[in-house]
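Asker: I would like to see how this sequence folds:
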Amino acid sequence: MNIFVLMKRTFDTEEKILIENGSISEDDAEFIINPYDEYAIEEALQLKEAHGGEVTVVTVGSEESEKELRTALAMGCDKAVLINIEEDLEDGDQFTTAKILYEFLKDKEADIILAGNVAIDGGSGQVGPRLAELLDIPYVTTITNIEIDGKNVKIVRDVEGDSEIIETTLPLLVTAQQGLNEPRYPSLPGIMKAKKKPLEELELDDLDLEEEDVMPKTKTLEIYLPPKKEAGKILQGELQDQVKELVSLLRSEAKVI
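Answerer: As a prediction, the model looks like this:
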């Protein structure tokens with residue numbers, strides 16, 4: 001089975017994030033594999049263990065992404081590909097990423113492509129579906145279970161707190177939701193093997209792409225941290241008095257009525 005995983009390097013939202021000059025300060029940020037992409041990597045490895053084949057992890061980004069790609073290799077992926085756009089498209093958007101991935105994957109004869117449901121930095125969830133549309137293959141998002149029998153695929157996907165079952169066929173693109181699996185940690189032997197596994201680096205020229213072909217369709221106007229949460233209020237007195245005070249606060253402070 002020819003398996004590809006789309007991976008993104010994202011900042012760790014559990015660490016402190018600083019905004020400087022309208023953008024996130026990378027000097028102060030900690031970077032990790034996008035957590036939803038970890039589910040995709042783990043599922044790809046489990047599919048390989050069950051059906052055989054090869055797992056290739058692909059990312060579009062800068063040279064700094066090599067660390068996260070090496071982590072994916074240490075988890076068990078066979079190959080890694082970095083499509084370096086650092087000097088060309090620092091402000092690329094989901095259209096940019098999907099178009100570049102399409103040019104890379106269009107002749108790879110992938111049986112299944114896995115990606116995270118969303119990236120925790122942008123949260124748009126667009127790259128996977130956009131890529132599937134360009135490749136003209138089926139796609140299913142937010143999956144929590146997948147079973148493959150030959151070319152036939154049975155999927156359970158999360159839908160707003162419930163689930164639905166979908167049957168489709170390969171080739172296919174899916175995006176992983178939390179609960180699909182429990183990603184493994186890289187083992188010491190895996191880390192040692194990862195140093196010898198192939199990591200290919202490509203640029204736009206290698207894909208016969210010009211910068212004008214993948215210029216972003218959107219522009220980020222502002223980046224800012226959410227406002228600090230204020231301390232809550234505990235209403236005192238009889239229930240009738242609390243209701244009156246609550247209504248007054250909703251009108252005067254929260255301004256929702």
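Asker: how far away is Ser163 from Gly179?
Answerer: Between Ser163 and Gly179 the distance is 10 Å, computed by C-beta to C-beta, to the nearest Å. Yep, even glycine has a C-beta here, placed from its N, CA and C like the rest.
Asker: spit out the residues that contact those two alike.
Answerer: When contacts are counted by C-beta atoms under 8 Å, 6 or more residues apart in numbering, Ser163 and Gly179 have Thr144 as shared neighbours.
Asker: surely Phe95 is within a strand?
Answerer: No: with DSSP: H, G, I helix; E, B strand; the rest coil as the criterion, Phe95 is assigned helix and is not in a strand.
Asker: roughly how far does the residue nearest to it when sequence neighbours are not counted sit from Val58?
Answerer: The shortest distance from Phe95 to any non-neighbouring residue, by C-beta to C-beta, 6 or more residues apart in numbering, is to Lys217 (4.6 Å). Plainly put, Lys217 is 22 Å away from Val58 if you go by C-beta to C-beta.
Asker: do Ile24 as well
Answerer: Separation of Ile24 from Val58 (C-beta to C-beta): 24 Å.
Asker: higher neighbour count, those two?
Answerer: Val58 (24 against 15; other C-beta atoms under 10 Å).
Asker: is it true that that one touches Ile83?
Answerer: Yes: counting by C-beta atoms under 8 Å, Val58 does reach Ile83; the two are 7.1 Å apart.
Asker: what's the mean pLDDT across stretch 205-215?
Answerer: The predicted model gives stretch 205-215 an average pLDDT of 93.
Asker: which parts of that stretch are buried?
Answerer: Within stretch 205-215, the residues that qualify as buried by neighbour count (16 or more other C-beta atoms under 10 Å) are 207, 209, 214.
Asker: can you check stretch 191-204 too?
Answerer: 194, 197, 199, 202, 204.
Asker: hey, C-alpha coordinates of that stretch in CSV?
Answerer: Extracted as CSV, the C-alpha positions of stretch 191-204 are listed here (Å, rounded to 0.1, in the frame of the first residue of the first chain):
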residue,chain,number,x,y,z
ILE,A,191,15.5,7.5,16.5
MET,A,192,18.8,5.9,15.5
LYS,A,193,17.2,4.4,12.3
ALA,A,194,15.7,7.8,11.4
LYS,A,195,19.1,9.3,10.9
LYS,A,196,19.7,6.9,8.0
LYS,A,197,16.2,7.1,6.4
PRO,A,198,15.8,9.3,3.3
LEU,A,199,14.7,12.9,3.6
GLU,A,200,14.3,14.5,0.3
GLU,A,201,14.2,18.3,-0.1
LEU,A,202,12.5,19.9,-3.0
GLU,A,203,11.8,23.5,-4.1
LEU,A,204,9.2,25.0,-6.4
